[in-house]
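# Whatever this is, show me its structure:
(2 chains, ligands or ions: 2)
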Amino acid sequence: MAKRNFLGPHGTVLSLGEFWLLTIAGFALFFGAWSLLAWSGWLPPNLLPSPRAVWATLVRLWDNPFAGHVYADHMLASLGRFLMGWAIAVAIGIPLGLLMGWYRLLDEIVTPLFDSIRFVAPLAWVPLAALWFGTGIGGPLLIIFVGSFAPCVISAYRGARLVEPRLVEAAQTLGASGRQVIQHVLVPGAMPSIISGLRVSAGLGWQSLVGSELIVVGAGLGYLMVQGQGNLATDVVIAGMIGIGVVGFAIDVALRGVEAWFRRRWGQTA
Amino acid sequence: MSEIVFKAVTKTFRLPRGGEFLAIDTTDLRIEEKEFVAIVGPSGCGKTTLMRMAAGLEFPSSGSVEVGGKRVVGPGPERAVVFQQFALMPWKTVRENIGFGLMCRGAPKAEADAAIGRYIELMGLSGHEDSFPHQLSGGMQQRVAIARAYVMNPAALLMDEPFGALDAQTRIVMQEELVRLARRNPRTVIFITHAVDEAIYLADRVVVMGRKPGRIIETIDIKPLRAEGGWEEMPIEEVMDTPAFTHMRSRIWKLLKAREQAAADH
Ligand SMILES: Nc1ncnc2c1ncn2[C@@H]1O[C@H](COP(=O)(O)OP(=O)(O)OP(=O)(O)O)[C@@H](O)[C@H]1O
Ligand SMILES: [Mg+2]
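Residues are numbered from 1 along each chain as shown, chains lettered A, B, ... in the order given. Ligands and ions are numbered 1, 2, ... in the order given. From the prediction side, this is the model:
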């Protein structure tokens, strides 16, 4: 395996060591500024707790239930909800995008509709979701779905359009049936684009999560934060935000791994 | 039955900015069953277009193309194509690419594996069975594309500059191999090339095309020369030194040159 390099700003190439150094420097700067701000007393502690206080809260939430559950359970509840909503978006969005890419007619029917609906932000669906589903599981799923659906469709559509026509021809001259062309040429050809679309859609879906959890009762990082807000517990709210950031980052890293694996296998075409 | 017959074929392309472009002007060509025909001609004279119509990937604007007495309505595995730009599937290994047609045909695994192995060896691809196309040189990719067509054992082979990306040595090996293959198991071949030498050495007949508009300017029988000269028993470099060969080469060069001159004066 070749030495891994990271692209710095302006296209400079960073070594792994330099990469981590700069990453840590960024975090140190952020937490330093935060501590300073909290310590200066410029903002009262009930509005801006220090990093140390938030950490203590996190440790406390880990063992003691808040809003009915311990921290890890809130996290898992969110993650499960996200995975369900995202999976539905992927399962519907990707086939739809592929079909739109392959069939001109469908493209022309769906695209204008799709283009106008996708500018309605996921949060703007909250009232409708609440009216339809009340506090059931359907509400948050709808909102996560809305958040991650568009990038699924768009990436699959682009992928389908990018497949070289010559490869389809080659397969046909080798006797491939329609089904075989789809299975061995069109789908794999669209794959690199689909995979990067998965990453984008997961990110957006996860971001829609808090909005979705404003309307559920029960458990979840968003729910934890809403309850924290109700109790004027800023530290709990920030602890929830950290959880959202960490889980979101972990999802992205996992999907980036999948993307890298595909790119290696697919070669230069990705 | 796999003779390929072009009857009064013309092909016009609609241009993106409106208007039409006449790529092939009224062309008649009959390629007999098991005949090896090479097509030479300047870039853009319609060689690929002509071949694609035999493959069923393009359709004549007027006239007809028939293979084995039946009008061509689409592509099929009995007419294997070696594409000018290889057209390998980037997500399949060398082995999977070569075996793709056999898989589509539903060939038994053991039989397919044996055939694939044979062509991997024949094409000098041993050791790269599990590589992906982007890990191979251009010449190796081209050999995969050739193997993928050969392995189908098609009645007709349509090859578009199949040796274009090969180095001189490999090219000679491939040419001799093709002659051997053609002799052992004759089939109808359309072989497009820019190399006049190659065309004369390989083909029963050489079709010389010109452009503006694209059409056949002459077809030349090579078969009698080969039989008289005993070319099949000789190594390629000796064949190329025979007077009959050099004479033929200059004749074709003159045809191409005269035609280009005429096109330029136009
Ligand atoms: N799909 C198309 N649309 C428009 N014009 C085309 C199309 N395909 C080919 N042509 C034109 O038809 C002419 C013949 O093209 P063709 O590819 O058959 O040439 P060729 O003889 O194979 O050239 P080369 O030796 O460079 O491969 C060219 O002028 C080309 O621009
Ligand atoms: Mg060509």
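
# Next, count neighbours for whichever residue of the stretch 101-250 of chain A sits closest to ligand 1.
Sorted by distance to ligand 1 under Cβ to the nearest ligand atom, the residues of the stretch 101-250 of chain A start with A:Pro165, at 10.1 Å. Backbone N, C-alpha and C define where each C-beta goes, glycine included. Using other Cβ atoms under 10 Å in any protein chain shown, A:Pro165 has 9 neighbouring residues.

# for chain B, what helix or strand is lowest in average pLDDT?
Between all helices and strands in chain B, the lowest mean by mean pLDDT, DSSP states H and E belongs to helix B:168-184, at a mean of 81.

# Report the buried residues of that one.
Neighbour counts over helix B:168-184 (16 or more other Cβ atoms under 10 Å in any protein chain shown) mark B:Thr170, B:Arg171, B:Ile172, B:Met174, B:Gln175, B:Leu178, B:Val179, B:Leu181, B:Ala182 as buried.

# what does stretch A:94-106 give?
Applying a neighbour-count criterion of 16+ other Cβ under 10 Å, one finds A:Ile94, A:Leu96, A:Gly97, A:Leu98, A:Leu99, A:Met100, A:Gly101, A:Trp102 buried in stretch A:94-106.

# Surely the fourth one touches A:Ala190?
Just to be clear, that refers to A:Leu98. Yes - counting by Cβ atoms under 8 Å, A:Leu98 touches A:Ala190, with 6.1 Å between them.

# overlap in contacts of those two?
Residues touching both A:Leu98 and A:Ala190 (Cβ atoms under 8 Å, 6 or more residues apart in numbering or on different chains): A:Ala156, A:Gly159, A:Ala160.

# Pull the contacting residues for the second one.
Applying Cβ under 8 Å, 6+ apart, one finds that A:Gly159 lies in contact with A:Gly97, A:Leu98, A:Gly101, A:Gly189, A:Ala190, A:Met191, A:Pro192, A:Ser193, A:Ile194, A:Gly197.

# Mind putting the residues you listed into CSV with secondary structure, distance to ligand 1 and pLDDT?
As requested, the contacts of A:Gly159 are exported to CSV (DSSP: H, G, I helix; E, B strand; the rest coil; distance: Cβ to the nearest ligand atom, whole Å; pLDDT from 0 to 100):
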residue, secondary structure, distance to ligand 1, pLDDT
A:Gly97, helix, 27, 91
A:Leu98, helix, 25, 91
A:Gly101, helix, 20, 86
A:Gly189, helix, 20, 89
A:Ala190, helix, 23, 90
A:Met191, helix, 27, 88
A:Pro192, helix, 26, 86
A:Ser193, helix, 25, 89
A:Ile194, helix, 28, 91
A:Gly197, helix, 30, 92
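
# Neighbour-wise, give me the winner out of the residues you listed.
A:Gly97 (30 neighbours).

# from what I can see it touches A:Ala150, true?
No - when contacts are counted by Cβ under 8 Å, A:Gly97 is not listed as touching A:Ala150 (9.7 Å).

# tell me the contacts of whatever residue of the stretch 151-266 of chain B ends up closest to chain A?
Per Cβ to the nearest Cβ, B:Met152 is where the stretch 151-266 of chain B lies closest to chain A, at 6.8 Å. When contacts are counted by Cβ under 8 Å, 6+ apart, B:Met152 touches A:Leu174, A:Gly175, B:Pro77, B:Ala80, B:Gly101, B:Leu102, B:Arg105.

# With B:Leu15 instead?
Applying Cβ under 8 Å, 6+ apart, one finds that B:Leu15 lies in contact with B:Phe21.

# Now do the same for it: its pLDDT.
Model confidence at B:Leu15, expressed as pLDDT, equals 88.

# same deal with the one 4 residues further on?
Per-residue confidence for B:Gly19 comes out at a pLDDT of 87.

# With adjacent residues omitted, what lies nearest to the residue nearest the centre of chain A?
Compute the mean C-alpha point of chain A, and by Cα atoms, centre = their mean the closest residue is A:Gly203, 1.7 Å away. The shortest distance from A:Gly203 to any non-neighbouring residue, by Cβ to Cβ, 6 or more residues apart in numbering or on different chains, is to A:Asp252 (6.1 Å).

# Surely that neighbour and A:Ala202 touch.
Yes - taking Cβ under 8 Å as the definition, A:Asp252 is a contact partner of A:Ala202 at 7.1 Å.

# hmm, back to that, tell me if the residue of the stretch 151-266 of chain B closest to chain A really is in a strand.
No - looking at B:Met152 with DSSP: H, G, I helix; E, B strand; the rest coil, it is coil, so not inside a strand.

# Quick check: phi and psi at it.
Per-residue torsions, B:Met152: phi -80, psi -10 (degrees, to the nearest 10).

# got the residues of chain B near ligand 1?
B:13, B:21, B:23, B:41, B:43-49, B:84, B:214 (Cβ under 6 Å from any ligand atom).

# again, only this time at 8 Å
Within chain B, the positions lying close to ligand 1 (Cβ under 8 Å from any ligand atom) are B:11, B:13-16, B:21, B:23-24, B:41-52, B:58, B:84, B:160-161, B:192, B:194, B:209, B:211, B:214.

# Sort out which of these are in strands and list them.
Mapping the residues of chain B next to ligand 1 onto strands (DSSP state E) picks out B:Lys11, B:Phe13, B:Arg14, B:Phe21, B:Ala23, B:Ile24, B:Asp160, B:Ile192, B:Met209.

# Make a markdown table from these and add neighbour count and distance to A:Trp261 to it.
Rendered in a markdown table, the data for those read as follows (neighbours: other Cβ atoms under 10 Å in any protein chain shown; distance: Cβ to Cβ, whole Å):
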| residue | neighbour count | distance to A:Trp261 |
| --- | --- | --- |
| B:Lys11 | 23 | 44 |
| B:Phe13 | 14 | 41 |
| B:Arg14 | 10 | 43 |
| B:Phe21 | 11 | 45 |
| B:Ala23 | 21 | 43 |
| B:Ile24 | 26 | 46 |
| B:Asp160 | 21 | 34 |
| B:Ile192 | 24 | 39 |
| B:Met209 | 24 | 47 |
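
# Pick out the most distant pair among those residues.
Within these, B:Arg14 and B:Ile192 form the most distant pair, 24.0 Å apart (Cβ to Cβ).

# Contacts for the least confident helix or strand of chain B, please.
For helix B:168-184, the surrounding residues in contact (Cβ under 8 Å, 6+ apart) are B:36, B:122, B:124, B:139, B:143, B:146, B:150, B:162-163, B:166, B:189, B:198, B:201-202, B:232, B:235-237.

# likewise stretch B:68-76?
Taking Cβ under 8 Å, 6+ apart as the rule, stretch B:68-76 contacts A:169, A:172-173, A:175, B:1-3, B:53-57, B:59, B:64-66, B:81, B:155.

# how does it look with 10 Å?
Residues outside stretch B:68-76 that contact it (Cβ atoms under 10 Å, 6 or more residues apart in numbering or on different chains): A:168-176, B:1-5, B:7, B:33, B:52-60, B:64-67, B:78-79, B:81, B:154-156, B:188.

# Buried residues in it, which are they?
So, applying 16+ other Cβ under 10 Å, buried residues of stretch B:68-76: B:Gly68, B:Val72, B:Pro75, B:Gly76.

# Residue of the stretch 151-266 of chain B nearest ligand 1, please.
For the stretch 151-266 of chain B, Cβ to the nearest ligand atom, closest residue to ligand 1: B:Gly214, 5.8 Å.
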